[in-house]
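[1] Have a look; sequence and predicted model below, questions after that.
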Amino acid sequence: MTKNTDIAVIGAGPAGANAALAGARYGFSVTLIDEQPGAGGQVWRAKSTAILDSPTTPETVAGNRLRQEVDESSVTHLGEARVWQIERGEEGANLYLLRQGRSDVLHARALIIATGAREFVQPVPGWTTPGVLGLAGATALFKQEMVPPGKRTIVSGTGPLVFFVASEIRRLGGEVAAVITPNSRGDWLGCLPAMASRPDLLLRGGRWIADLILANVPIHWRYAVTRVEGETRVAGVEFRKLTVDWSPTGAARRIEGDSLCLGNGLIPTTEAAQLAGLGLEHSPRLGGWIPCNGEDGATDIGGIFLCGDGTGIRGAAAAEFHGRLAGLSAAQHLGADTMGERNRLRAFYDRAARFGTAMTSLSIPRAGLAQLTTDETIVCRCESLSRADIAAEISSGAGSTNAVKSGLRAGMGPCGGKFCQTAVSRMITEAEGRAEADVPPPTPRPPLRPVPVAALAGDFNYSDLPIPKPAPL
């Protein structure tokens, strides 16, 4: 059965939810779709309903306010729903949804894609050991369950997230054994002019670092984890000093701990935009491959708009304003006059985006980062493929991510390549001496998310199946 809406929004994070609210304020019917039960996305994720009382944070305050606004608006919010296919037509787009065990079709006159970002972790020996979490995954654990990942946690990675995670672990009663970051103090000082565009965010980040220093937590600048120790559980890590290009150098040092939070920045999630027919362009300063988009979320396909970190990593503060701009653009496409409001919003968006882009620059990978992945290191977790396996496939002539995918199944597992495709792409560029812009991600195919066959088949009896005619003798 096909349902209709004026505007459909995929993703209910700060960008998507604000896009939906902006469109609804102009009287359009808006449907907001997300895999989580409540709006807020990863950055403003709601705490578990099993937690009756807990201290508030800026994220919980912002998330609760956003969820209340969505609940009190005319927006139709479809939580715990998956979009698994997008088909464009002359008068909008058809979205195929999986919700409550069944597949439905939603037709939208305008589509806003706000699918956010995912984290990248440079594979190192032992990174698949139980007790290793991604930095972004750890933040989801903090916000939803409000527990630290272990008793004694090592936190390692690039950008501001490493300090936020370490600070949150301490706030939740855990011990931080050390913070290990490839960034130097000079890298951070170089970002100060852009960070000054949002003094409130700059001050908050400074508090995270000050909290760690006052608690005598060791901060190892220009270092990286080179090996995770432990067989059935994290027991500690080896880490080494890095050169300017992030190549490991010198003797390995060791820290004991029972958990590790590890990450190397965020990457825009582009699969839904690609499935909708949008092309990609490469922008290292925005996190890598991004869908082609213009002012206020507009694209070269009429009726399709983009917003948030899925268009480039600029942070939650910018995503909130970018979502409003995209929602207003969609409303304009459907006949409303939103130009005045958009003009007023752009200055706020530009300031927040300047800050967020500076933070993203701290995670732009440098040439030596790939050396952390040894030949025996698992790169594709789903198919248990090591760096050596993938390197052999590349040397045999697989010069694209699609070729490696079809030859080895790297990216065909349950994660759909979300963990490995960036590492595979960078291995190709390294092996063949090509630029990252010359090696795009693999072509996405429906379903965007795993879909049970029963949901597609619907209700039927075996007696309804036609009996084939007898085969000729």
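    It's in. Residues are numbered from 1 along each chain as shown.
[2] any weak-confidence spans in this structure?
    Along the chain, the model assigns pLDDT under 70 to residues 52, 473.
[3] domain assignment for it?
    What automatic domain parsing lists as the domains of the chain is 2-118+267-360, 121-264, 373-438.
[4] gap between the second one and the chain center?
    Put plainly, it is domain 121-264. 18 Å (C-alpha atoms, centre = their mean, to the nearest Å).
[5] Start the count at 207 instead of 1 going forward.
    Sure, I'll start counting at 207 from here, so that last one is domain 327-470.
[6] what's the span of it, first residue to last?
    From its first residue to its last, domain 327-470 covers 5 Å (C-alpha to C-alpha, to the nearest Å).
[7] show me where the stretch 357-506 of the chain has helices.
    In the stretch 357-506 of the chain, helices defined by DSSP state H, counting those that start in this stretch lie at 367-377, 391-401, 405-420, 477-481, listed in chain order.
[8] now those as a markdown table including distance to residue 242 and mean neighbour count?
    For every residue, glycine as well, the C-beta is placed using N, CA and C. Converted to a markdown table, the helices of the stretch 357-506 of the chain look like this (distance: least, C-beta to C-beta, whole Å; neighbours: other C-beta atoms under 10 Å):
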| stretch | distance to residue 242 | mean neighbour count |
| --- | --- | --- |
| helix 367-377 | 20 | 23 |
| helix 391-401 | 30 | 14 |
| helix 405-420 | 24 | 14 |
| helix 477-481 | 16 | 23 |
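[9] right, and these - which one's nearest residue 218?
    Closest approach to residue 218 among the helices of the stretch 357-506 of the chain (C-beta to C-beta): helix 477-481, 13.6 Å.
[10] List phi and psi for residue 268.
    Dihedral pair for residue 268: phi -60, psi -40, per degrees, to the nearest 10.
[11] Could you look up the SS state of the nearest residue to it once chain neighbours are set aside?
    Sequence neighbours aside, residue 250 is the residue nearest to residue 268 in space, at 5.3 Å (criterion: C-beta to C-beta, 6 or more residues apart in numbering). With DSSP: H, G, I helix; E, B strand; the rest coil as the basis, residue 250 sits in coil.
[12] Now that residue 250 has come up, it's in contact with residue 269, right?
    Yes. Counting by C-beta atoms under 8 Å, residue 269 is a contact partner of residue 250 at 3.2 Å.
[13] can you list residues touching both of these two?
    residue 349 (C-beta atoms under 8 Å, 6 or more residues apart in numbering).
[14] thinking again about what came up before, the residue nearest to residue 268: how many residues sit nearby?
    Residue 250: 25 surrounding residues under other C-beta atoms under 10 Å.
[15] Could you do residue 438 as well?
    Neighbours of residue 438 using other C-beta under 10 Å come to 8.
[16] Next, the buried residues of the longest helix seen in the chain.
    What stands out as the longest helix in the chain, according to DSSP state H, is helix 545-567. Buried positions in helix 545-567, judged by neighbour count with 16 or more other C-beta atoms under 10 Å: 547-548, 551, 555, 557-567.
[17] May I ask which two of these are separated the most?
    547 and 567 (30.5 Å).
[18] what packs against the lengthiest strand in the chain?
    If you go by DSSP state E, the chain has its longest strand at strand 308-319. Strand 308-319 is packed against strand 208-216, helix 220-230, strand 236-239, strand 298-305, strand 510-512, helix 522-539, helix 659-663, with contacts defined by 3 or more C-beta pairs under 8 Å, 6 or more residues apart in numbering; DSSP states H and E.
[19] what do you get if the cut-off is 6 Å, keeping everything else the same?
    For strand 308-319, the elements it packs on are strand 208-216, strand 298-305, strand 510-512, helix 522-539, helix 659-663, judged by 3 or more C-beta pairs under 6 Å, 6 or more residues apart in numbering; DSSP states H and E.
[20] Among the buried residues of helix 545-567, which one sits closest to residue 446?
    For the buried residues of helix 545-567, the nearest to residue 446 is residue 567 (23.4 Å; C-beta to C-beta).
[21] Which residue comes closest to the closest one once chain neighbours are left out?
    Per C-beta to C-beta, 6+ apart, closest to residue 567 is residue 491, 6.1 Å.
[22] Can you give me the neighbour number for that neighbour?
    Other residues near residue 491 number 12, with proximity taken as other C-beta under 10 Å.
[23] got it, and the one 4 residues further on?
    Each residue near residue 495 was counted by other C-beta under 10 Å, and the total is 23.
[24] likewise residue 277?
    Residue 277 has 11 neighbouring residues, counting by other C-beta under 10 Å.
[25] Wasn't it part of a helix?
    Yes. Residue 277 sits within a helix when classified using three-state DSSP.
[26] quick one: it from residue 267, how far?
    16 Å (C-beta to C-beta, to the nearest Å).
[27] out of the helices of the stretch 357-506 of the chain, nearest to residue 211?
    helix 477-481 (16.8 Å).
[28] And the contacts of that closest one?
    The contact list for helix 477-481 (C-beta atoms under 6 Å, 6 or more residues apart in numbering) reads 216, 292, 319, 321, 497, 650, 654.
[29] quick one: secondary structure of the last one?
    At residue 654, secondary structure determined by three-state DSSP is coil.
[30] In contact with the closest residue in space to it that isn't next to it in sequence: list those residues for me.
    The shortest distance from residue 654 to any residue other than its chain neighbours is 5.1 Å, reached at residue 290 (C-beta to C-beta, 6+ apart). Going by C-beta under 6 Å, 6+ apart, residue 290 touches 302, 304, 653-655, 657.
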